[in-house]
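**Q** how would this look folded up:
(one chain, ligands or ions: 1)
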Amino acid sequence: MLWLIESAQRILGMRGRDMPDREARWDRDGAAHGKFYRDYLPDQNKRYSCVHCQAHLAFHDDIISKSFHGSQGRAYLFNEVVNVRTGPAEERILLTGRHSVADIFCASCKTTLGWKYEYAFERSQKYKEGKFIIETIHMVKDNGWDLMAQ
Ligand SMILES: [Zn+2]
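**A** Numbering: from 1, shown residues only. Have a look, this model is predicted:
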């Protein structure tokens, strides 16, 4: 009986010590998640935002090429994007050869925006590795655009 009580106390004691740790971990993850969830690009730059939820997505200056096409029309290749999550990579045969690509979606509203090139098998396509395609149908021009130049 005494042994049982001691065991119970030990278990309770352990649980008591574990709890603050677990909460601290959760808070850190929560904070990191929050930071990733909405990155803000500086106001003075031309940018693109998610047409569905207005989360910032990319700088105009990070466009590598505008001559891509997705399933829903034109698409731009970006050097870098923000507020975007990446799905699992899979191999696909595209017009330009075999690639490993992953769908990307808006971290805020979860809309699928385009894809990321994880790996290109053709040497001529290597420049796309690690870069992001966003279909123009999901983007809206936001801030800093010269209206005369559009
Ligand atoms: Zn969105």
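
**Q** When you work out contacts or count neighbours from here on, use the C-alpha atoms and nothing else.
**A** Fine.

**Q** Would you mark the buried spots in stretch 110-123?
**A** Within stretch 110-123, the residues scored as buried using 16 or more other Cα atoms under 10 Å are Thr111, Thr112, Leu113, Gly114, Trp115, Lys116, Tyr117, Glu118, Tyr119, Ala120.

**Q** the helices in this protein, which residues?
**A** Secondary structure of the chain, counting by DSSP state H: helices at 2-37.

**Q** Domain boundaries for it, per the record?
**A** If the domains of the chain are taken from automatic domain parsing, they occupy 1-37, 47-143, with pieces of a single domain joined by a plus sign.

**Q** Just to check, Ser100 is in contact with Gln125?
**A** No. At 11.5 Å, Ser100 does not count as touching Gln125 under the criterion of Cα atoms under 8 Å.

**Q** more crowded one of the two?
**A** Counting neighbours by other Cα atoms under 10 Å for Ser100 and for Gln125 shows that Ser100 has the greater number, 18 against 15.

**Q** Okay, and the beta partners of that one?
**A** Glu91, Tyr119 (DSSP bridges).

**Q** how near is it to Thr111?
**A** Ser100 sits 21 Å away from Thr111 when distances are taken as Cα to Cα, to the nearest Å.

**Q** do the same with Gln54
**A** Look at Gln54 and Thr111: by Cα to Cα, they are 12 Å apart.

**Q** Tell me which of the domains of the chain is the most buried.
**A** domain 47-143 (a mean of 18; mean count of other Cα atoms under 10 Å).

**Q** can that one be found next to the ion?
**A** Yes. With Cα under 5 Å from the ion as the threshold, domain 47-143 lies in contact with the ion, specifically through Cys50, His52, Cys53, Cys106, Cys109.

**Q** if I pick Cys106, what's in contact with it?
**A** By Cα atoms under 8 Å, 6 or more residues apart in numbering, the contact set of Cys106 is Cys50, Ala55, Asn83, Val84, Arg85, Thr112, Leu113.
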